[in-house]
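> I need the structure of the sequence given here:
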Amino acid sequence: VQLVESGGGSVQTGGSLRVSCEASGNTVGPMCMGWFRQVPGKEREGVAAIDTDGTTTYADSVKGRFTISTDKSKNTLNLQMNGLKPEDTAKYYCAAGPTCLVRQVQRFWGQGTQVTVS
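Sure, this is the predicted structure:
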């Protein structure tokens, strides 16, 4: 399974960005798909996830601003980020695993895409 992120970039405070993750290769199977982010010197943290039954989970820091969704026809996971803040600056990673937002058990990772808010 390969996960490839796209859509990162630079935006001003209050702006919006959408990052996407396309899954290819063998099917991911029944796993939770999610987004993590990491800044240098800090642990990778869970941001948002969508489980196999469609249940979504968000970190408190992004609730009400970020929306996670899937496009199964395109094997794509999306993260719409509105009301961006400088503290959202990080490299965003797509991941798939048996448990949502638990970094240690994710089985597949993308290479990451940088989001910078100034």
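> in a helix, that's where Glu87 is, yeah?
Yes: secondary structure of Glu87 (DSSP: H, G, I helix; E, B strand; the rest coil): part of a helix.
> List the contacts of it.
Taking Cβ atoms under 8 Å, 6 or more residues apart in numbering as the criterion, Glu87 is in contact with Ser61, Val117. (C-beta placed from N, C-alpha, C; glycine too.)
> run the last query once more with 7 Å
Listed by Cβ atoms under 7 Å, 6 or more residues apart in numbering, Glu87 has no contact partners.
> where's it relative to Thr13, distance?
Look at Glu87 and Thr13: by Cβ to Cβ, to the nearest Å, they are 10 Å apart.
> do the same with Lys42
In terms of Cβ to Cβ, Lys42 sits 20 Å off from Thr13.
> More neighbours: these two, which one.
When Lys42 and Thr13 are compared for neighbours, Thr13 comes out ahead with 12 against 9, by other Cβ atoms under 10 Å.
> mind pulling up the phi and psi values for Ile68?
When read as degrees, to the nearest 10, the backbone of Ile68 gives phi -100, psi 140.
> Low-confidence ranges, the chain, go.
27-28 (pLDDT under 70).
> Just give me the residue closest to the centre of it.
Centroid-nearest residue in the chain: Trp35, 2.2 Å away (criterion: Cα atoms, centre = their mean).
> Tell me which residues of stretch 79-97 come out buried.
For stretch 79-97, a neighbour-count test (16 or more other Cβ atoms under 10 Å) marks 79-81, 84, 88-97 as buried.
> from the residues you listed, which two are the most distant?
Leu84 and Gly97 (25.9 Å; Cβ to Cβ).
> quick revisit: out of the buried residues of stretch 79-97, which sit inside strands?
Leu79, Gln80, Met81, Ala90, Lys91, Tyr92, Tyr93, Cys94, Ala95, Ala96, Gly97 (DSSP state E).
> For Ile68, state which of those residues is nearest.
Of these, the one sitting nearest to Ile68 (Cβ to Cβ) turns out to be Leu79, at 5.4 Å.
> my read: the closest one touches Trp35, true?
Yes: the pair Leu79 and Trp35 passes the contact test of Cβ atoms under 7 Å, sitting 5.0 Å apart.
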